[in-house]
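J.: Let's see this in three dimensions:
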Amino acid sequence: MVTIDTFRRGFKKGLHVLLELGKIMLPIYIIVELLEYSGLLQMLSRYFVPFMSFIGLPGEAAFALIVGGTLNIYASLGVLASITLTAKQATIAATFIAISHNLIGETVVIKKIGVNPVFIMVLRILTSFAVASIMNIVM
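T.: Next comes the predicted model:
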């Protein structure tokens, strides 16, 4: 039965999750804003434009993909929140990150279960690019 206590526990757990995600997303968001304000994000993104245009994303989105691949989905959301994307671009970026997020941490787990970690990492990255490029064409 749902009681006031149920709502209290749910609120408390929800607040805890919000604080944990905030610890990740807020600093990343601030760093990206500072990089953008200083002009460094634009300078770095120019190098990624040819590469990112293949999957239909602006150069700035490369930072989100890198952060998502090395850290986690929530950190990449902090980056994505600070740049302007169309619905198509946001969908492509989200799909890319969903396939190849937290590569370092998950590769350690994959190695422990006896699977070739380099193969799985390369497979996830190539699959991300393949799916993103198909989405760019189809959408």
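J.: contacting residues for E33?
T.: By C-beta atoms under 8 Å, 6 or more residues apart in numbering, the contact set of E33 is S82. C-beta: built from backbone N, CA, C; applies to glycine.
J.: Helix, strand, or coil at L57?
T.: Here L57 is coil, with the state taken from DSSP: H, G, I helix; E, B strand; the rest coil.
J.: what's it in contact with, if anything?
T.: Shown in contact with L57 (C-beta under 8 Å, 6+ apart): 65, 85, 89, 92-93, 132.
J.: which phi and psi does it have?
T.: Here is the backbone geometry of L57 (degrees, to the nearest 10): phi -120, psi 150.
J.: buried set for the top helix by length along the chain?
T.: If each helix of the chain is counted by residues according to DSSP state H, the longest one is helix 4-38. Of the residues in helix 4-38, 24-25, 28-29, 31-32, 35-36 count as buried by neighbour count, 16 or more other C-beta atoms under 10 Å.
J.: What of stretch 94-101?
T.: By neighbour count with 16+ other C-beta under 10 Å, stretch 94-101 contains the buried residues 94-97, 99-101.
J.: how about those residues, which pair is most distant?
T.: Set against one another by C-beta to C-beta, these have their most distant pair in A94 and S100, with a gap of 11.8 Å.
J.: picking up where we left off before, could you list which of the buried residues of stretch 94-101 belong to helices?
T.: Filtering the buried residues of stretch 94-101 for helices - DSSP H - leaves 94-97, 99.
J.: Could you single out the nearest of those residues to I125?
T.: The shortest gap between I125 and any of these belongs to I99, at 8.5 Å (C-beta to C-beta).
J.: Now for that closest one: which residues touch it?
T.: 124, 127-128, 131.
J.: excluding its backbone neighbours, what's nearest it?
T.: Nearest in space to I99, with sequence neighbours left out and distances taken as C-beta to C-beta, 6 or more residues apart in numbering, is S128 at 4.4 Å.
J.: Correct me if wrong: that neighbour contacts A94.
T.: No. Applying C-beta atoms under 8 Å, one finds S128 not in contact with A94, separated by 11.2 Å.
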